[in-house]
Structures are given as C-alpha cells and as structure tokens.
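**Student:** quick one: sequence plus predicted model below, questions after.
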Amino acid sequence: MHLYFIAIGGSAMHNLAIALYKKGYQISGSDDEIFEPSKSRLACYGLLPQEQGWDASRITTQLDAIILGMHAKSDNPELLKAKELGLKIYSYPEFLYEQSKDKRRVVIGGSHGKTTITAMVLHALRQANIECDYLVGAQLEGFDVMVKLSATAPVMIFEGDEYLTSPIDPRPKFHLYKPDIALLSGIAWDHINVFPTFNNYVDQFRIFIQQVTPGGSLIWCDSDKELQQICRGCRDDLSLLPYTLPEYETQNGKTFIISEGHSFPILVFGKHNLLNMNGAKMVCNLLGINDRAFFSAMETFTGAAKRLEKVIETGTCIVYKDFAHAPSKVEATLKAVREQYPGHKIVACLELHTYSSLSREFLDHYRGSMDAADVAIVYFNPHALALKRLPEITEEQIRDGFGKENLEVFNDAQRLMDRLRSITSENMVYLMMSSGNFDGIDLHSGFSAIH
C-alpha cells in the first residue's frame, strides 16, 4: 500500500510515516519546510523529500491514500489534486484509529499531564513485558519513535490531543480514537484561537466522554473541579474511576511513594506528577499490572523529554527545562520545584510562545502563576506575534497580566541570557519553561559557563 504524506515533516506526521514504513508500507510525502530532528530521522529511513515545497504532479491515482498533516492549508495544491482524483484522504488521527480498530484502545486526555501519564503507562507496560502500540507527544528514553504500530500488539495507548484534526476537519483529535479506557487529567482553558470561550473548551471534554465505547472505563483526576462536574455520574454504562494523590513523603530532596506497606523511591517530583502517577497506575491496573509492580517500575522512570527535565547540575546550580506554557502548567511546575528545593533560590523563566500566551486578552490568566519564584522572568519574540498575526504586546501589559510588579520582561534572546548569567548565588535552581526553545538559546553552554 502506497501512502502519501502531505506535510510529512511534522512531529507526529514524520513519526507516523516511519512507523508505517517499518510496518511495510510504501511511503512518500512532501513539506514546504522540515526542521530537525524530523529532517535527519526521515533521511535515515530514505523518506526525506528530495525537494521542499508542494507539487500537484506528485499526486496520482497510483497512490492508495493521502495522510494530511495539520501544517498544510486547506488550499494546498496537493490536497486539491487528491480531492479532484477522488483519493481517500485521512488525517493522522483517523488513520491511527483505522490501525487500532481491533485493539483495546487507551486514550489519555486533559489540558496538562497527557505526555507524562502516557509515558508512565508505556514505561510500566515495558517493564511488565506487555506489548503495546502507541502514540506519544515527546521523545521517551528507551523508545526510538513516538509512534509504534504493529500487527501483534493487543493494546494501543494514545496521547489524546484536543487540538484540531486537520485543515479540513475541525474536530479535536481525541474525539476520533473511541477509547475503551479513557483518562482525563484536568481542564484548564487553552487554544483560545480555536475554542474562544471556556465553556466551548469544556464541551470538547464532554464530547470526548461520549466517545468512550459502551461499558468502557473513565478515569479522572478528582482534584480537578471541572472534571468533578462533568465526570461524576456522566454515563451509567461506564466504570467511573476517580483518582487523587497517592500517599508519599519527601526526605532530603527525594520523593517516596508509600503503598501497601512498601516505600518506593521515585525520580520525578511535584504534586502534579504524583497525581499523574496515580492516574497512570489506574490505567495499568486495568491492563493487568498490580500496584506493587507499577510503583516498582516507577523507580526507574526518568520522565519525558522537556517535562521537568534536568539539563545541568553542578555544585551550586541546577537547571531544568519544562514544556509548561499554559497558566496552570506554569504554576504547578513552579510549585513542584519550590517544594522539592525549599532552601534554594529559584529563577523561573517563561517563554510566551503559543497563540494563547501571546494574546493580550489571555495574559490575565497568568496572574499569580509565577509568584513562587524568587526571580520571575518572561521572554517573548515580537517576530512570533507577527507570524501568528497577533497585535503587539508591551512589557507593561505582560506585567499587568501576571500581576507581578517585579516581573522582568525580555524580547531579545541575548539580553535574556546576559541577565540569567548575572544572577549568581549558592544553591540556585533555574526553571526554563517553554513549548519553544527561547530562540535557540543553548542551555548547556550558557549555564555551564557561569556555574
């Protein structure tokens, strides 16, 4: 079967292309720009397009189907040619569902924690030698791809993103997977360019619950007030399984889970990660892994890439990078670091990078989110506003939104790094939070040089 990927260079798209190539499909595709690591990974498998750009002549009746990525536009010439020829067109969520229709499907959804919970489940399944297919939104230690598809795995684990499916399909991706086991980690308004009101955003999770297969299981974080309202008693046919924090203790900067009389030292920390862990445990319980086996597996779980990932540790300095960008994620991540390092000076630096975070009307949602930092810094690149066609924002508007008078604001990456270099003290923790990369700042060289 010959599949053609329009916008093959995307994070999920190139991983799906590689997974299907490994499964024996003939794969080709196109994109108008492909960055690392997608470029090198596609080249490694001989899947990198010879030329960048779109060319309708590549679309012929010899293709069995098209897989359309979100990066493409609705007027893409290759897409228009595929429609003209009557070719079957899938979004990647649609195609993943087609590949998993005969498997037991687990979908991890929610505004935050999806990647970490999915990673915890996959780690525990691997430790228990339970074969599964998966889709996850970050590179995981010990897993060479972010998408795996096979003919033999009885289970598929999905990270269920609520963003749009494709340029021609406005449904959230997680509406398409039809889970047998569903988990919701929490609801905090995001993607305001797509979901203009909070109620509209919450409705997407109500719809997701309706997609759970009859007699399936719904696991949710009972510490989240929005989930309490929409999950309790939502469907009589579902097994409803709320979760809260596990029993734990922290000693000398080390976190221990207490379960059934045993103490399990773990490598991740913070109440949000402990909630994630208990949610992942409940998924694994339904897949045949008991509590003791699960928490034993968590002793070696190091986290997903950019999720409170330790970049540097010296005698006086620790640097973490984290994917946090939404207000609830920023606040939870910063509180976790404060709890883990109570005697340290914490410098928190957030890049405003997403459509929501760069929108004037959304800035107020960050109020109080960085109050736990000793030094709070916000960075944004005016070019990102231009690319997203958003109005300019000023330093004063950002300070007003965050409600923090001594908030430092930078819009130049070099000036930001110079400021970070100037902050010196014993027992420092730097927390660099972004869904981007601070415009290419090299954290290793930047911090190693001063500590």
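**Tutor:** On my side now, so go ahead. Remember, predicted model here, so these are calculated numbers, not experimental data.
**Student:** identify the residue spatially nearest to the residue located most distally from the centre of the chain, adjacent ones excluded.
**Tutor:** Going by CA atoms, centre = their mean, the residue of the chain most distant from its centre is Thr61, 36.2 Å out. Computed as CB to CB, 6 or more residues apart in numbering, the closest residue to Thr61 that is not its neighbour in sequence is Leu85, at 5.8 Å. Bear in mind the C-beta positions are built from the backbone N, C-alpha and C, glycine included.
**Student:** these two touch, right, that neighbour and Gln62?
**Tutor:** No. Leu85 is beyond contact range of Gln62, at 10.2 Å (criterion: CB atoms under 8 Å).
**Student:** could you pull up phi and psi at Tyr379?
**Tutor:** Tyr379 adopts backbone torsions of phi -120, psi 140, taken as degrees, to the nearest 10.
**Student:** and it, bridged to which residues?
**Tutor:** Glu351, Phe410 (DSSP bridges).
**Student:** if we can go back for a sec, and the residue farthest from the centre of the chain, what's its pLDDT?
**Tutor:** The score at Thr61 is 97. That number is its pLDDT.
**Student:** quick one: the strands in the stretch 301-450 of the chain?
**Tutor:** Along the stretch 301-450 of the chain, counting by DSSP state E, counting those that start in this stretch, strands occupy 309-313, 317-322, 345-351, 375-379, 408-410, 428-433.
**Student:** are we agreed that Glu249 is in a strand?
**Tutor:** Yes. According to DSSP: H, G, I helix; E, B strand; the rest coil, Glu249 belongs to a strand.
**Student:** ok, back up a step: just send the strands of the stretch 301-450 of the chain back as CSV, with distance to Arg421, mean pLDDT and mean neighbour count too.
**Tutor:** As requested, the strands of the stretch 301-450 of the chain are exported to CSV (distance: least, CB to CB, whole Å; pLDDT from 0 to 100; neighbours: other CB atoms under 10 Å):
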stretch, distance to Arg421, mean pLDDT, mean neighbour count
strand 309-313, 13, 88, 14
strand 317-322, 11, 91, 22
strand 345-351, 11, 96, 24
strand 375-379, 13, 97, 23
strand 408-410, 13, 96, 19
strand 428-433, 11, 94, 24
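**Student:** do you know how far the closest residue to Gly270 other than its chain neighbours is from Tyr320?
**Tutor:** Using CB to CB, 6+ apart and skipping the chain neighbours, the partner closest in space to Gly270 is Ala336 (2.4 Å). Taking CB to CB, to the nearest Å as the measure, Ala336 falls 10 Å from Tyr320.
**Student:** so the residue nearest to Gly270 makes contact with Val268?
**Tutor:** No. Ala336 lies out of contact with Val268 (CB under 8 Å); the separation is 9.0 Å.
**Student:** if I look at the residue nearest to Gly270, how far off is Tyr97?
**Tutor:** 34 Å.
**Student:** likewise Ala384?
**Tutor:** Distance of Ala384 to Tyr97, given as CB to CB: 33 Å.
**Student:** quick one: contacts for the closest residue to Asn193 other than its chain neighbours?
**Tutor:** Among residues not flanking Asn193 along the chain, Tyr355 sits closest, at 4.5 Å (CB to CB, 6+ apart). By CB atoms under 8 Å, 6 or more residues apart in numbering, the contact set of Tyr355 is His191, Ile192, Asn193, Lys388, Leu390.
**Student:** neighbours around the last one, how many?
**Tutor:** For Leu390, the neighbour count with other CB atoms under 10 Å is 14.
**Student:** my read: it touches Leu358, true?
**Tutor:** Yes. Counting by CB under 8 Å, Leu390 touches Leu358, with 5.4 Å between them.
**Student:** wait, isn't Arg171 in contact with Thr165?
**Tutor:** Yes. Between Arg171 and Thr165 there is a contact at 5.0 Å, judged by CB under 8 Å.
**Student:** between these two, which is the more surrounded one?
**Tutor:** Between Arg171 and Thr165, counting by other CB under 10 Å, Thr165 is the more crowded of the two (21 against 15).
**Student:** which SS class is the more buried one?
**Tutor:** Once three-state DSSP is applied, Thr165 turns out strand.
**Student:** any idea how far it lies from Lys73?
**Tutor:** 15 Å.
**Student:** next: Lys335.
**Tutor:** Going from Lys335 to Lys73 by CB to CB gives 40 Å.
**Student:** shared neighbours of Ala336 and Tyr320, anything?
**Tutor:** Common neighbours of Ala336 and Tyr320 are listed as Leu308 (criterion: CB under 8 Å, 6+ apart).
**Student:** could you report the neighbour count for Gln52?
**Tutor:** Around Gln52 there are 12 other residues, counting by other CB under 10 Å.
**Student:** excluding chain neighbours, give the residue nearest to it in space.
**Tutor:** Nearest one to Gln52, counting by CB to CB, 6+ apart, is Asp32 at 5.8 Å.
**Student:** over to Pro170?
**Tutor:** Closest residue in space to Pro170, ignoring its immediate chain neighbours: Leu164 at 5.5 Å, by CB to CB, 6+ apart.
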